[in-house]
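In: Below: sequence and its predicted model.
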Amino acid sequence: MRKLTTTSLELAVWIARLGSFTAAAERMHTTQPAVSARVKELEDTLGHKLFVRQGRGVELTPEGREFVIKAESVLRQLDELSVSFSKASLAGVIRLGMSTICLDLLAAVSIETSRTMPLVSYEVETDRAAPLLYRLESRKIDVAMVSGPVDAHKFRIRSLGFDRMLWVTSPGVRNERANAPRSERLKGLPIWCVHADSFYWNFATTGLRALGADLVRVNALGQTVGVARVVAAGAGIGLVSESLVQGELGAGTLVPVPDLDVCGSIELSVVTMADSSSTIVDEVVAAALANSPFRRTPFEA
């Protein structure tokens, strides 16, 4: 008994999909007589008639339908095996830039890509969106995961979802100021944020002065995680990513500052150069999109 070949499997599948020997011949870059000869050989090997002529085309016999279903399954498995092994052989260093808001995504991306690309490693730097996008444009990093607006003319942008910023403090500071007049509730308290030139800063500071806050003296700290830790220790109030401090909010080590509104939605994006053609980069982007913890739709105003 002759062995089946992948070419024979593909041929049967294409005849079934296209409905004629002629169309399958064009799809497989061969001739109609060659297809007819190969089908006869396949049917002789199997001992079953797979196709019957119907008008100008062909129809599958019951045995043919069963064969095509199994052939499609085998071809899918071969494709998956090929892709799996081709990814597994990829090696290199991916240079990744991240806003600290996106840090929780790093572990999930690393775990997924370590399974598919075990020879790939990461060099990760954290910063604000503007410096990271500049480094991406300068080809100093390969992928950026950032918050806020991104110039679509320069980059390829895919949404990771939405987050929002809110003012938090420690329970001790909140309780200490609870009985103060509203206009003096934040008077003298240090203010902490990632940077006062952030795109959401103007909206975020609305209402601070009404509570007595001094916006002349603002402390900048390069990471939102750092802001959360400083504030949780009782050092004032801080502007942080809501998703990044869900654990602290749930545990009560951080609390929202009373009478201050939460910022509107902030979109997070994974960004590459528009002309990027790296399989490794594509896999990292796909892992980020698949594992994003962020809300898929904007928050209601």
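Out: Thanks, I have it. Numbers count the residues shown, from 1 in each chain.
In: need the helix or strand of the chain with the lowest average pLDDT.
Out: Least confident helix or strand of the chain, by mean pLDDT, DSSP states H and E, is helix 201-204 with a mean of 79.
In: List the buried residues in whichever helix or strand comes after that one.
Out: The first helix or strand that comes after helix 201-204 along the chain, using DSSP states H and E, is strand 218-220. By neighbour count on 16 or more other C-beta atoms under 10 Å, the buried set for strand 218-220 is residue 218. Just so you know, the C-beta spots here come from the backbone N, C-alpha and C atoms, and that holds for glycine as well.
In: Give the partner strands of strand 218-220 in its sheet and their orientations.
Out: Partner strands for strand 218-220, per DSSP bridges, with pairing direction: strand 191-193 (parallel).
In: State the mean pLDDT of the strand it pairs with.
Out: The average pLDDT within strand 191-193 is 90.
In: Does the least confident helix or strand of the chain pack against any helices or strands, and if so which?
Out: Helices and strands touching helix 201-204, by 3 or more C-beta pairs under 8 Å, 6 or more residues apart in numbering; DSSP states H and E: there are none.
In: Give me the buried positions along that helix.
Out: For helix 201-204, the neighbour count (16+ other C-beta under 10 Å) marks 201, 204 as buried.
In: Also stretch 156-164?
Out: For stretch 156-164, burial by neighbour count (16+ other C-beta under 10 Å) applies to 156, 157, 160, 161, 162, 163, 164.
In: Which parts of this structure are strands?
Out: For the chain, the strands defined by DSSP state E cover 51-54, 57-60, 91-98, 119-126, 143-147, 155-163, 165-169, 191-193, 218-220, 237-241, 255-256, 266-273.
In: can I see the domain layout of this structure?
Out: Using automatic domain parsing, the domain parsing of the chain gives 6-87, 91-158+270-291, 165-256.
In: and of those domains, who's closest to residue 264?
Out: domain 165-256 (6.6 Å; C-beta to C-beta).
In: Need the distance between the two termini of the closest one.
Out: Start to finish, the residues bounding domain 165-256 are 11 Å apart (C-alpha to C-alpha, to the nearest Å).
In: repeat for stretch 19-35
Out: 13 Å.
In: do the same with stretch 206-221
Out: End-to-end distance of stretch 206-221: 20 Å, with C-alpha to C-alpha as the criterion.
In: List the buried residues of it.
Out: Buried-residue list, stretch 206-221, by 16+ other C-beta under 10 Å: 208, 211, 212, 213, 218, 221.
In: so what pLDDT did the second one get?
Out: The confidence metric pLDDT takes the value 89 at residue 211.
In: What about the nearest residue to residue 31 once chain neighbours are set aside, how many residues nearby?
Out: Leaving aside its sequence neighbours, residue 31 sits nearest to residue 25 (C-beta to C-beta, 6 or more residues apart in numbering; 5.6 Å). Residue 25: 21 surrounding residues under other C-beta atoms under 10 Å.
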